[in-house]
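1. next come a sequence and a model predicted from it.
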Amino acid sequence: DASRSDEESTMKKTIFPAIALLLLTQPLHAQEAARGQAGYENVPAFGGPESVTEQLKRADESRDAMYDWPFFDGYFDWKRQINDDYGVSFGLHFYGLYQRASDSLPGRDDDALGNIFRFLGNWTLWEKENGNLGRIEWRVESRSNWGGFQAPGSLGGATGIAALAPGFAYSDNFDMDLAVLNWTQGFASGKAGYAVGRLAFDAYLDAFPFQTFSRGFINRSFILNPTLPTTGIGALGGVVKGFVGDNIWVGAQIHDANAASGKFDFDTVQEGDWLKAVEVGYTPSFGQRKSHLVQLTYWDKDARSLAGVSSGSGWAVSAAWKLNDTYFPFVRFGHSDGGGGVAAETAVSGGVEISRPRGEVWTIGAGWAKPSEETFGPGLDNETVLEMSYKFPISKNFSVLPDAQIIFSPANNPGRTSIWVIGIRAILTL
């Protein structure tokens with residue numbers, strides 16, 4: 001209607017130009033090297049940025065911030081002592097997200113509020129000087145809506161967005177659960193490893209620097225390639241990855257395809273349906289594997305007969321190359337046969353993270369996806385998203401991130417040419 005059209009027009013004319021002006025007027029700034037508040041900076045890690053140990057290391061960085069509050073210094077000194085004495089690292093992480101859309105389907109709400117809570121840690125039982133080690137990793141987790149609002153993970157459905165969900169993974173059906181419990185072992189002088197037990201599949205499947213809640217993006221296009229399949233967090237499985245030379249690594253993984261997030265249930269593995277994947281990647285050196293990489297992943301997912309979901313397969317390519325301490329660009333591409341419950345048959349995205357003074361960070365990205373006909377039905381329009389966010393680190397451990405997204409041609413809302421989603425996120429890591 002006319003009021004909605006005027007609202008969208010006003011948002012388009014004010015928000016993105018204002019963001020662009022701020023971007024152009026702020027000086028470039030090189031971030032100083034990360035230091036650990038509790039001494040976790042040198043803890044060896046296995047897996048992507050959503051793995052337990054990588055999350056602990058990132059949260060522990062003593063980064064620049066607007067205010068330097070010494071309130072928690074004693075707490076982090078205690079954490080350091082626990083790690084030194086017992087080999088135990090741990091943290092409490094909280095993510096809160098509010099979003100409001102410019103339109104919704106009839107009878108559906110246009111705003112959402114939810115949170116993710118995690119208590120995570122690891123216990124290193126043995127470690128050698130060459131980097132080989134054995135440890136137990138755990139993550140207790142819940143995700144829920146707040147205050148009678150729908151969860152941000154439901155906002156895509158409420159607005160008619162199919163593949164490019166604007167609040168991906170902030171769900172309302174993830175009860176408190178020991179979601180991750182696994183044995184992780186490093187070998188080959190720390191250049192290879194495996195993990196087995198209850199796993200978070202997104203910590204290993206096409207693991208990618210921006211595939212995490214800890215950075216700026218929220219949209220599915222950037223958090224997890226829409227052509228990739230999913231399974232429950234806490235799926236029984238195993239993964240092994242390692243370098244076969246100075247620059248090349250290979251890996252393989254398998255996860256229970258019927259696992260359900262928020263449920264400590266081993267019975268689903270008896271159904272015998274699996275999500276499998278293999279990967280190969282390139283990096284200039286082992287030390288640059290987290291910031292300079294190109295990787296190819298091929299996956300296959302069995303049909304879930306009891307759930308009525310067909311089998312599927314596909315592949316994905318992800319590349320990220322940090323140019324300097326300021327610019328960190330990336331690009332992703334994926335294609336699938338549309339089966340396995342995937343969100344998209346084909347998808348591409350790209351963007352850049354720009355580091356600013358005092359630890360502030362811009363993230364800017366664009367993505368496109370062809371929704372899966374098998375998942376959402378035939379004849380749907382392709383979707384496109386633009387997303388911008390800005391990270392304000394109020395302190396070393398607390399950040400606020402305003403976020404703006406515009407999704408063009410929402411596939412299940414053909415009456416709208418575009419939908420704005422404006423959000424505000426808070427991240428607390430202790």
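-> Looks like it arrived, so ask away.
2. which residues touch Ser144?
-> For Ser144, the contacting residues are Gly114, Asn115, Ala151, Asp172, Phe174, taking Cβ atoms under 8 Å, 6 or more residues apart in numbering as the criterion. Yep, even glycine has a C-beta here, placed from its N, CA and C like the rest.
3. now swap in Val180 and tell me
-> Val180 sits next to Val52, Leu120, Glu137, Trp138, Arg139, Glu141, Gly197, Arg198, Leu199, Ala200, Ile233, Gly234 when contact means Cβ under 8 Å, 6+ apart.
4. go through the residues you listed and say which is closest to Ala252.
-> Of all the contacts of Val180, the one sitting nearest Ala252 is Leu199; the distance, using Cβ to Cβ, is 13.3 Å.
5. from what I see, the closest one and Val239 are in contact.
-> Yes. When contacts are counted by Cβ atoms under 8 Å, Leu199 is listed as touching Val239 (6.7 Å).
6. ok, the contacts of Ser144 vs Glu383, which is closest?
-> Nearest to Glu383 out of the contacts of Ser144 is Ala151 (Cβ to Cβ; 20.6 Å).
7. so the closest residue in space to Leu178 that isn't next to it in sequence bridges to which residues?
-> Using Cβ to Cβ, 6 or more residues apart in numbering and skipping residues adjacent in sequence, the residue nearest Leu178 is Val140, 5.6 Å away. For Val140, the beta-bridge assignment (DSSP bridges) gives partners Phe119, Leu178.
8. and Val140, what does it touch?
-> Val140 makes contact with Arg118, Phe119, Leu120, Met176, Asp177, Leu178, Ala179, according to Cβ under 8 Å, 6+ apart.
9. hang on, Gly216 packs against Thr363?
-> Yes. Applying Cβ under 8 Å, one finds Gly216 in contact with Thr363, separated by 2.9 Å.
10. ok so Gly197 is a strand residue?
-> Yes. Residue assignment for Gly197, taken from DSSP: H, G, I helix; E, B strand; the rest coil, places it within a strand.
11. quick revisit: which one of Leu199 and Val239 has more residues nearby?
-> Neighbours around Leu199 and Val239, counted as other Cβ atoms under 10 Å, are more numerous at Leu199. The numbers are 31 against 25.
12. beta-bridge partners for the more buried one, please?
-> Partner residues in beta bridges with Leu199: Ala235, with DSSP bridges as the criterion.
13. that one and Leu275, how far apart?
-> Spatial separation of Leu199 from Leu275 under the definition Cβ to Cβ, to the nearest Å is 11 Å.
14. what sits in contact with each of the two?
-> Residues touching both Leu199 and Leu275 (Cβ under 8 Å, 6+ apart): Ala235, Gly237, His255.
15. any chance of the residues you listed in TSV, plus distance to Glu279?
-> Written out in TSV, the entries for these read as follows (distance: Cβ to Cβ, whole Å):
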residue	distance to Glu279
Ala235	18
Gly237	15
His255	14
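16. which one among those residues gets closest to Arg100?
-> Looking at these and their distance to Arg100, the nearest is Ala235, at 33.1 Å (Cβ to Cβ).
17. wait, what's in contact with that closest one?
-> Per Cβ under 8 Å, 6+ apart, neighbours of Ala235: Arg198, Leu199, Phe201, His255, Asp256, Ala257, Ala259, Leu275.
18. what about the helices in the stretch 51-200 of the chain?
-> In chain order, the stretch 51-200 of the chain shows helices spanning 52-60, 73-86, 155-159, with DSSP state H, counting those that start in this stretch as the criterion.
19. distance-wise, check Tyr98 relative to Ala151.
-> Between Tyr98 and Ala151 the computed distance is 11 Å (Cβ to Cβ).
20. comparing these two, which residue is more hemmed in?
-> Comparing Tyr98 with Ala151 by other Cβ under 10 Å, the one with more neighbours is Ala151, at 23 against 20.
21. ramachandran angles for that one?
-> As for Ala151, its main-chain torsions (degrees, to the nearest 10) stand at phi -80, psi 150.
22. my guess is it meets Arg143, correct?
-> Yes. If you go by Cβ under 8 Å, Ala151 and Arg143 touch, sitting 7.4 Å apart.
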